[in-house]
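Participant: structure for this input, please:
(one chain, ligands or ions: 1)
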Amino acid sequence: MVRKQKQPQQKHKGNDRNQGKPRRELVSASEEVNEDFAFGRHAVVESLKNNRGNKLFLQDDLSGSKIQELKELAAEFSVPVSWAPKVKLDKLTDGAVHQGAVLGITPFEYLTVEELITQTKERREEPFFLILDGIEDPHNFGSILRTADAAGVDGVIIPKHRAVGITSIVTKTSTGAVEHVPVARVTNLKQAIATLKEQQFWVFGTDMNGTDYRSWNVSGSIALIIGNEGKGMSPGLKKEVDEMLSIPMVGHVQSLNAGVAAGLLMYEVFRKRS
Ligand SMILES: C[S@@+](CC[C@H](N)C(=O)[O-])C[C@H]1O[C@@H](n2cnc3c(N)ncnc32)[C@H](O)[C@@H]1O
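Facilitator: Residues are numbered from 1 along each chain as shown. This is a model prediction of the structure:
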(Lines give C-alpha, C1' and ligand atoms only; values in the text may rest on other atoms or scores of the structure.)
Protein backbone atom coordinates (compact mmCIF):
# COMPACT_ATOMS: atom_id res chain seq x y z
CA MET A 1 0.00 0.00 0.00
CA VAL A 2 1.12 3.57 -0.72
CA ARG A 3 1.12 5.67 2.46
CA LYS A 4 0.91 9.46 2.58
CA GLN A 5 3.12 11.63 4.76
CA LYS A 6 1.78 14.42 7.01
CA GLN A 7 3.41 17.59 8.30
CA PRO A 8 4.69 17.65 11.88
CA GLN A 9 2.77 19.80 14.32
CA GLN A 10 1.83 20.25 17.97
CA LYS A 11 -0.35 19.19 20.86
CA HIS A 12 -3.55 19.69 22.76
CA LYS A 13 -4.28 19.92 26.47
CA GLY A 14 -2.32 22.38 28.54
CA ASN A 15 -1.82 22.22 32.28
CA ASP A 16 -2.83 25.54 33.78
CA ARG A 17 -0.89 25.70 37.01
CA ASN A 18 -2.61 27.64 39.73
CA GLN A 19 -0.98 28.81 42.89
CA GLY A 20 -2.26 28.61 46.45
CA LYS A 21 -2.66 26.48 49.54
CA PRO A 22 -5.18 23.75 50.20
CA ARG A 23 -7.69 24.32 52.98
CA ARG A 24 -7.39 21.58 55.59
CA GLU A 25 -10.76 20.62 56.95
CA LEU A 26 -12.45 17.51 58.26
CA VAL A 27 -15.67 16.98 56.32
CA SER A 28 -18.40 14.57 55.54
CA ALA A 29 -17.38 13.24 52.14
CA SER A 30 -20.99 12.34 51.36
CA GLU A 31 -21.66 15.95 50.42
CA GLU A 32 -19.67 15.43 47.24
CA VAL A 33 -21.06 12.12 45.94
CA ASN A 34 -22.64 13.66 42.86
CA GLU A 35 -19.25 14.68 41.44
CA ASP A 36 -17.03 12.78 39.05
CA PHE A 37 -14.13 11.23 40.87
CA ALA A 38 -10.64 10.01 40.21
CA PHE A 39 -9.22 7.64 42.78
CA GLY A 40 -6.09 5.62 43.33
CA ARG A 41 -2.86 7.55 43.78
CA HIS A 42 -1.60 7.48 40.18
CA ALA A 43 -4.95 8.55 38.74
CA VAL A 44 -5.28 11.31 41.35
CA VAL A 45 -1.78 12.63 40.64
CA GLU A 46 -2.34 12.75 36.88
CA SER A 47 -5.76 14.42 37.22
CA LEU A 48 -4.30 17.00 39.61
CA LYS A 49 -1.43 17.70 37.22
CA ASN A 50 -3.90 18.13 34.38
CA ASN A 51 -5.71 20.74 36.47
CA ARG A 52 -8.96 18.78 36.69
CA GLY A 53 -9.15 18.52 40.47
CA ASN A 54 -11.66 20.52 42.50
CA LYS A 55 -11.47 18.77 45.89
CA LEU A 56 -9.11 16.15 47.26
CA PHE A 57 -10.29 13.70 49.91
CA LEU A 58 -7.54 11.99 51.86
CA GLN A 59 -8.05 9.15 54.30
CA ASP A 60 -7.73 10.66 57.76
CA ASP A 61 -5.68 7.83 59.32
CA LEU A 62 -3.01 7.81 56.59
CA SER A 63 0.25 9.72 56.55
CA GLY A 64 3.70 9.37 55.04
CA SER A 65 5.53 10.59 51.97
CA LYS A 66 2.88 9.57 49.40
CA ILE A 67 0.12 11.42 51.23
CA GLN A 68 2.47 14.37 51.70
CA GLU A 69 3.17 14.41 47.94
CA LEU A 70 -0.56 14.51 47.22
CA LYS A 71 -1.07 17.35 49.68
CA GLU A 72 1.74 19.33 48.07
CA LEU A 73 0.42 18.73 44.58
CA ALA A 74 -3.06 19.82 45.69
CA ALA A 75 -1.53 23.00 47.11
CA GLU A 76 0.30 23.65 43.84
CA PHE A 77 -2.99 23.46 41.94
CA SER A 78 -5.09 25.27 44.58
CA VAL A 79 -7.22 22.22 45.26
CA PRO A 80 -8.75 22.13 48.76
CA VAL A 81 -8.00 19.01 50.81
CA SER A 82 -10.51 17.34 53.11
CA TRP A 83 -9.82 14.51 55.52
CA ALA A 84 -12.36 11.74 55.67
CA PRO A 85 -12.56 8.30 57.27
CA LYS A 86 -11.95 5.25 55.06
CA VAL A 87 -15.61 4.30 55.21
CA LYS A 88 -16.55 7.61 53.54
CA LEU A 89 -14.01 7.15 50.79
CA ASP A 90 -15.27 3.58 50.27
CA LYS A 91 -18.73 5.04 49.81
CA LEU A 92 -17.56 7.64 47.32
CA THR A 93 -15.83 5.00 45.23
CA ASP A 94 -18.48 2.31 45.56
CA GLY A 95 -16.10 0.06 47.43
CA ALA A 96 -13.33 0.18 44.83
CA VAL A 97 -9.68 0.29 45.90
CA HIS A 98 -8.87 3.98 46.33
CA GLN A 99 -5.54 3.86 48.23
CA GLY A 100 -6.74 6.62 50.54
CA ALA A 101 -7.03 9.27 47.83
CA VAL A 102 -10.19 10.42 46.04
CA LEU A 103 -10.29 13.51 43.87
CA GLY A 104 -13.40 15.37 42.76
CA ILE A 105 -12.74 16.24 39.12
CA THR A 106 -14.24 18.30 36.35
CA PRO A 107 -15.92 16.22 33.63
CA PHE A 108 -13.66 14.67 31.00
CA GLU A 109 -13.53 16.71 27.81
CA TYR A 110 -13.98 14.56 24.75
CA LEU A 111 -12.75 15.77 21.38
CA THR A 112 -14.49 15.48 18.04
CA VAL A 113 -12.72 13.40 15.40
CA GLU A 114 -11.93 16.57 13.49
CA GLU A 115 -10.32 18.11 16.58
CA LEU A 116 -8.37 14.93 17.24
CA ILE A 117 -7.03 14.85 13.68
CA THR A 118 -6.15 18.56 13.65
CA GLN A 119 -4.44 18.48 17.04
CA THR A 120 -2.51 15.32 16.27
CA LYS A 121 -1.31 16.41 12.87
CA GLU A 122 0.21 19.48 14.45
CA ARG A 123 2.84 17.28 16.06
CA ARG A 124 2.85 13.92 14.29
CA GLU A 125 3.56 13.10 10.68
CA GLU A 126 2.05 9.65 10.76
CA PRO A 127 -0.60 9.48 13.48
CA PHE A 128 -1.76 6.20 14.96
CA PHE A 129 -5.31 6.13 16.27
CA LEU A 130 -7.18 3.36 17.98
CA ILE A 131 -10.91 2.94 17.34
CA LEU A 132 -12.81 0.98 19.98
CA ASP A 133 -15.92 -0.52 18.42
CA GLY A 134 -18.11 -0.94 21.49
CA ILE A 135 -15.77 -1.82 24.36
CA GLU A 136 -18.08 -2.25 27.36
CA ASP A 137 -15.83 -3.31 30.21
CA PRO A 138 -14.32 -0.28 32.01
CA HIS A 139 -11.31 -2.36 33.06
CA ASN A 140 -10.60 -3.27 29.45
CA PHE A 141 -10.97 0.35 28.38
CA GLY A 142 -8.76 1.63 31.20
CA SER A 143 -6.11 -0.95 30.49
CA ILE A 144 -6.21 -0.16 26.74
CA LEU A 145 -5.70 3.54 27.54
CA ARG A 146 -2.76 2.65 29.79
CA THR A 147 -1.10 0.67 27.01
CA ALA A 148 -2.03 3.31 24.43
CA ASP A 149 -0.16 5.92 26.45
CA ALA A 150 2.84 3.62 26.88
CA ALA A 151 2.96 2.69 23.20
CA GLY A 152 2.63 6.26 21.95
CA VAL A 153 -0.84 6.00 20.44
CA ASP A 154 -1.96 9.47 19.36
CA GLY A 155 -5.64 9.20 20.16
CA VAL A 156 -8.56 6.88 20.80
CA ILE A 157 -11.97 7.10 19.18
CA ILE A 158 -15.00 5.64 20.94
CA PRO A 159 -18.72 5.58 20.15
CA LYS A 160 -21.13 7.53 22.32
CA HIS A 161 -23.65 4.70 22.56
CA ARG A 162 -23.41 1.05 23.62
CA ALA A 163 -19.88 1.50 24.94
CA VAL A 164 -18.22 2.60 28.16
CA GLY A 165 -17.03 6.21 28.35
CA ILE A 166 -14.44 7.73 30.66
CA THR A 167 -15.73 6.65 34.08
CA SER A 168 -13.90 6.72 37.39
CA ILE A 169 -13.11 3.00 37.06
CA VAL A 170 -11.64 3.66 33.60
CA THR A 171 -9.59 6.53 35.04
CA LYS A 172 -8.33 4.35 37.90
CA THR A 173 -7.53 1.36 35.66
CA SER A 174 -5.70 3.62 33.22
CA THR A 175 -3.49 4.73 36.16
CA GLY A 176 -3.84 8.29 34.93
CA ALA A 177 -3.19 7.60 31.22
CA VAL A 178 -6.60 9.10 30.56
CA GLU A 179 -5.04 12.51 31.17
CA HIS A 180 -2.50 11.97 28.41
CA VAL A 181 -4.29 10.13 25.62
CA PRO A 182 -6.81 12.32 23.75
CA VAL A 183 -10.17 10.62 23.36
CA ALA A 184 -12.74 11.53 20.70
CA ARG A 185 -16.32 10.38 21.25
CA VAL A 186 -18.57 10.12 18.22
CA THR A 187 -22.19 9.27 17.51
CA ASN A 188 -21.32 7.30 14.37
CA LEU A 189 -18.12 5.29 13.96
CA LYS A 190 -18.76 4.72 10.25
CA GLN A 191 -18.83 8.47 9.73
CA ALA A 192 -15.67 8.87 11.81
CA ILE A 193 -13.91 6.32 9.61
CA ALA A 194 -15.06 8.21 6.49
CA THR A 195 -13.55 11.38 7.97
CA LEU A 196 -10.27 9.57 8.67
CA LYS A 197 -10.18 8.23 5.13
CA GLU A 198 -10.72 11.72 3.72
CA GLN A 199 -7.59 12.62 5.67
CA GLN A 200 -5.63 9.76 4.03
CA PHE A 201 -5.73 7.39 7.00
CA TRP A 202 -5.41 3.68 6.38
CA VAL A 203 -7.97 1.86 8.45
CA PHE A 204 -7.39 -1.65 9.79
CA GLY A 205 -9.89 -4.00 11.37
CA THR A 206 -9.26 -7.04 13.52
CA ASP A 207 -10.76 -10.50 13.78
CA MET A 208 -9.62 -14.10 13.60
CA ASN A 209 -9.60 -14.33 9.77
CA GLY A 210 -7.38 -11.50 8.62
CA THR A 211 -3.81 -11.12 7.46
CA ASP A 212 -1.14 -12.10 9.98
CA TYR A 213 -0.44 -8.90 11.93
CA ARG A 214 3.30 -9.51 11.72
CA SER A 215 3.19 -8.53 8.04
CA TRP A 216 1.20 -5.35 8.78
CA ASN A 217 2.43 -2.29 6.88
CA VAL A 218 2.21 0.39 9.55
CA SER A 219 3.51 3.30 7.51
CA GLY A 220 1.44 6.43 6.96
CA SER A 221 -1.48 7.64 9.04
CA ILE A 222 -3.23 4.60 10.45
CA ALA A 223 -6.27 3.70 12.55
CA LEU A 224 -6.82 0.29 14.11
CA ILE A 225 -10.24 -1.01 15.13
CA ILE A 226 -10.70 -3.29 18.16
CA GLY A 227 -14.05 -5.00 18.47
CA ASN A 228 -16.53 -5.56 21.28
CA GLU A 229 -15.65 -8.15 23.93
CA GLY A 230 -18.47 -10.48 22.91
CA LYS A 231 -19.55 -9.65 19.37
CA GLY A 232 -16.24 -8.50 17.93
CA MET A 233 -16.24 -5.83 15.24
CA SER A 234 -19.57 -4.85 13.77
CA PRO A 235 -20.06 -6.22 10.23
CA GLY A 236 -20.83 -2.71 8.94
CA LEU A 237 -17.40 -1.46 10.00
CA LYS A 238 -15.60 -4.49 8.55
CA LYS A 239 -16.84 -3.33 5.12
CA GLU A 240 -15.12 0.03 5.61
CA VAL A 241 -11.59 -1.15 6.40
CA ASP A 242 -8.60 -1.32 4.09
CA GLU A 243 -7.42 -4.59 5.60
CA MET A 244 -8.37 -7.04 8.35
CA LEU A 245 -5.59 -8.22 10.67
CA SER A 246 -5.29 -11.31 12.86
CA ILE A 247 -3.04 -12.38 15.68
CA PRO A 248 -2.33 -16.07 15.06
CA MET A 249 -3.53 -18.44 17.77
CA VAL A 250 -2.51 -22.09 18.09
CA GLY A 251 -4.37 -23.13 21.26
CA HIS A 252 -7.96 -23.97 22.01
CA VAL A 253 -9.59 -20.64 22.86
CA GLN A 254 -11.41 -18.79 20.09
CA SER A 255 -10.05 -15.31 20.63
CA LEU A 256 -7.88 -13.14 22.84
CA ASN A 257 -9.16 -10.65 25.37
CA ALA A 258 -9.80 -7.34 23.58
CA GLY A 259 -7.31 -5.48 25.78
CA VAL A 260 -4.60 -8.10 25.22
CA ALA A 261 -5.15 -8.08 21.44
CA ALA A 262 -5.11 -4.27 21.44
CA GLY A 263 -1.86 -4.30 23.45
CA LEU A 264 -0.10 -6.68 21.08
CA LEU A 265 -1.17 -4.67 18.05
CA MET A 266 -0.26 -1.30 19.58
CA TYR A 267 3.19 -2.63 20.39
CA GLU A 268 3.55 -4.05 16.88
CA VAL A 269 3.20 -0.50 15.57
CA PHE A 270 5.63 0.73 18.22
CA ARG A 271 8.14 -2.00 17.34
CA LYS A 272 7.94 -1.40 13.61
CA ARG A 273 8.15 2.38 13.93
CA SER A 274 10.97 2.43 16.48
C1 LIG B 1 -12.94 -11.20 22.55
S2 LIG B 1 -12.64 -10.64 20.95
C3 LIG B 1 -14.21 -10.85 20.17
C4 LIG B 1 -14.47 -12.22 19.72
C5 LIG B 1 -15.67 -12.29 18.83
N6 LIG B 1 -16.43 -13.46 19.17
C7 LIG B 1 -15.27 -12.34 17.38
O8 LIG B 1 -15.54 -13.33 16.74
O9 LIG B 1 -14.66 -11.38 16.87
C10 LIG B 1 -12.62 -8.90 21.10
C11 LIG B 1 -11.75 -8.20 20.11
O12 LIG B 1 -10.37 -8.47 20.37
C13 LIG B 1 -9.64 -8.48 19.16
N14 LIG B 1 -9.06 -9.82 19.00
C15 LIG B 1 -9.15 -10.84 19.87
N16 LIG B 1 -8.45 -11.89 19.43
C17 LIG B 1 -7.89 -11.53 18.25
C18 LIG B 1 -7.04 -12.16 17.31
N19 LIG B 1 -6.60 -13.41 17.48
N20 LIG B 1 -6.67 -11.48 16.22
C21 LIG B 1 -7.08 -10.22 16.01
N22 LIG B 1 -7.89 -9.55 16.87
C23 LIG B 1 -8.28 -10.20 17.99
C24 LIG B 1 -10.61 -8.14 18.06
O25 LIG B 1 -10.60 -6.75 17.89
C26 LIG B 1 -11.93 -8.59 18.66
O27 LIG B 1 -13.02 -7.93 18.07
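
Participant: in the lengthiest strand in the chain, what's buried?
Facilitator: In terms of residue count, the longest strand belonging to the chain (DSSP state E) is strand 201-212. By neighbour count, and taking 16 or more other Cβ atoms under 10 Å as the criterion, the buried residues in strand 201-212 are 201-206, 210. Quick note: C-beta positions are derived from backbone N, CA and C, even for glycine.

Participant: got the buried residues for stretch 114-126?
Facilitator: Judged by neighbour count (16+ other Cβ under 10 Å), stretch 114-126 contains these buried residues: 116-117, 119-121, 124, 126.

Participant: which strands and helices sit next to the helix ranked longest in the chain?
Facilitator: Taking DSSP state H as the assignment, the helix of the chain that covers the most residues is helix 258-273. Where contact means 3 or more Cβ pairs under 8 Å, 6 or more residues apart in numbering; DSSP states H and E, helix 258-273 is packed against strand 128-133, helix 138-151, strand 221-227.

Participant: 6 Å instead, please
Facilitator: When contacts are defined as 3 or more Cβ pairs under 6 Å, 6 or more residues apart in numbering; DSSP states H and E, helix 258-273 packs onto helix 138-151, strand 221-227.

Participant: any low-confidence regions in the stretch 1-150 of the chain?
Facilitator: 1-35 (pLDDT under 70).

Participant: please enumerate the helices of the stretch 1-150 of the chain.
Facilitator: Ranges of helices in the stretch 1-150 of the chain, per DSSP state H, counting those that start in this stretch, are 41-49, 65-76, 86-92, 113-121, 138-151.

Participant: just send those helices back as CSV, with distance to the ligand too.
Facilitator: Formatted as CSV, the helices of the stretch 1-150 of the chain follow (distance: least, Cβ to the nearest ligand atom, whole Å):
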stretch, distance to the ligand
helix 41-49, 25
helix 65-76, 36
helix 86-92, 32
helix 113-121, 20
helix 138-151, 9
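
Participant: got JSON lines for those helices, with distance to residue 257 too?
Facilitator: Rendered in JSON lines, the data for those read as follows (distance: least, Cβ to Cβ, whole Å):
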{"stretch": "helix 41-49", "distance to residue 257": "22"}
{"stretch": "helix 65-76", "distance to residue 257": "31"}
{"stretch": "helix 86-92", "distance to residue 257": "29"}
{"stretch": "helix 113-121", "distance to residue 257": "26"}
{"stretch": "helix 138-151", "distance to residue 257": "7"}
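
Participant: how far away from the center of its chain is stretch 91-107?
Facilitator: Once both centres are worked out by Cα atoms, centre = their mean, to the nearest Å, stretch 91-107 turns out to sit 18 Å from its chain's centre.

Participant: contact partners of that stretch?
Facilitator: With contact meaning Cβ atoms under 6 Å, 6 or more residues apart in numbering, stretch 91-107 is reached by 29, 32, 35-41, 44, 47, 52-57, 59, 62, 70, 89.

Participant: make it 7 Å
Facilitator: If you take Cβ atoms under 7 Å, 6 or more residues apart in numbering as the criterion, stretch 91-107 is touched by 29-30, 32-33, 35-41, 44, 47-48, 52-59, 62, 67, 70, 89, 169, 172.

Participant: first-to-last residue distance for that stretch?
Facilitator: Terminal residues of stretch 91-107 lie 20 Å apart, using Cα to Cα, to the nearest Å.

Participant: that older thread, quick check, distance from the longest strand of the chain to the centre of its chain.
Facilitator: Centre to centre, stretch against its chain (Cα atoms, centre = their mean), the figure for strand 201-212 is 22 Å.

Participant: avg pLDDT for it?
Facilitator: Averaged across strand 201-212, pLDDT comes to 98.

Participant: returning to what we had before: point out the most buried one among the helices and strands packed on helix 258-273.
Facilitator: Ranked by mean neighbour count, the helices and strands packed on helix 258-273 are led by strand 221-227 with a mean of 24 (mean count of other Cβ atoms under 10 Å).
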